[in-house]
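Undergrad: what shape does this take:
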Amino acid sequence: MLLVVSFLVGCVQLDSPKVKYIDYSINRITTDGVEVNFYFDVTNKNPVTLDVANYSYNVYINNKKIITQTGSGFSLDANATKRITLPVFIRYEGVFGAALSLIESIVRGEKEMDYRIDGTISAGAMGLTASSPINASGKIKIPTNIQIK
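TA: So this is what the prediction gives:
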């Protein structure tokens, strides 16, 4: 019996989960920064449930790496799509290098900043593992209620 199971597992190939960027929302704004939620749909086209071993991603603002995060601990049902949220807290100092740069951006009238997310998600079943990229890019509005005193 073990020989038959080993043979079947050897013949099975998992399709990598497909990750599609959906949208972002600004969750909250503080005097230190902005909390942004990025939403992705992760699709499992396999006939078996996949367990996400881990995912990791880097967030870039204006082409500067702001944060590296990892996560784990969810499953993807067979032939289903699941929405995941990647919460990111973007510190003003981290984005602009210093508070002076933020002030200069506001004075110049800039209303948006570029963002990019790059990462990978790894999932598996029956001892097999598959990985897929996580990618998104676009612009985030600079909050207008920042007061310079």
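Undergrad: going forward, measure contacts and count neighbours with C-alpha atoms only.
TA: Noted.
Undergrad: the spatially closest residue to Gly33 that is not a sequence neighbour - how many residues pack around it?
TA: Setting aside the residues directly before and after it, Gly33 is nearest to Arg91 in space (C-alpha to C-alpha, 6 or more residues apart in numbering), at 4.2 Å. The burial metric for Arg91, expressed as a neighbour count using other C-alpha atoms under 10 Å, is 17.
Undergrad: got the contact list for Arg91?
TA: Residues near Arg91 by C-alpha atoms under 8 Å, 6 or more residues apart in numbering: 32-34.
Undergrad: could you rerun that using 10 Å?
TA: When contacts are counted by C-alpha atoms under 10 Å, 6 or more residues apart in numbering, Arg91 touches 30-35, 66-67, 97.
Undergrad: and those residues, which is closest to Tyr24?
TA: Lowest distance from Tyr24 to those (C-alpha to C-alpha) belongs to Glu35, with 10.5 Å.
Undergrad: count of neighbours near the closest one?
TA: 17.
Undergrad: ignoring the adjacent residues along the chain, who's closest to the residue nearest the centre of the chain?
TA: Among the residues of the chain, the one closest to the centroid is Leu86, at 4.8 Å (C-alpha atoms, centre = their mean). Taking C-alpha to C-alpha, 6+ apart as the measure, Leu86 lies nearest to Phe38, with 5.1 Å between them; neighbours along the chain are not counted.
Undergrad: where do the helices of this protein begin and end?
TA: Counting by DSSP state H, one finds helices in the chain at the ranges 2-11, 92-96, 99-107.
Undergrad: okay, now the unreliable bits of this protein?
TA: Across the chain, the ranges flagged by pLDDT under 70 are 1-12, 92-106, 142-149.
Undergrad: rewinding a little: who touches the residue nearest to Leu86 in this structure?
TA: Contacts for Phe38 were tallied using C-alpha under 10 Å, 6+ apart; they are 21-27, 84-88, 117, 136.
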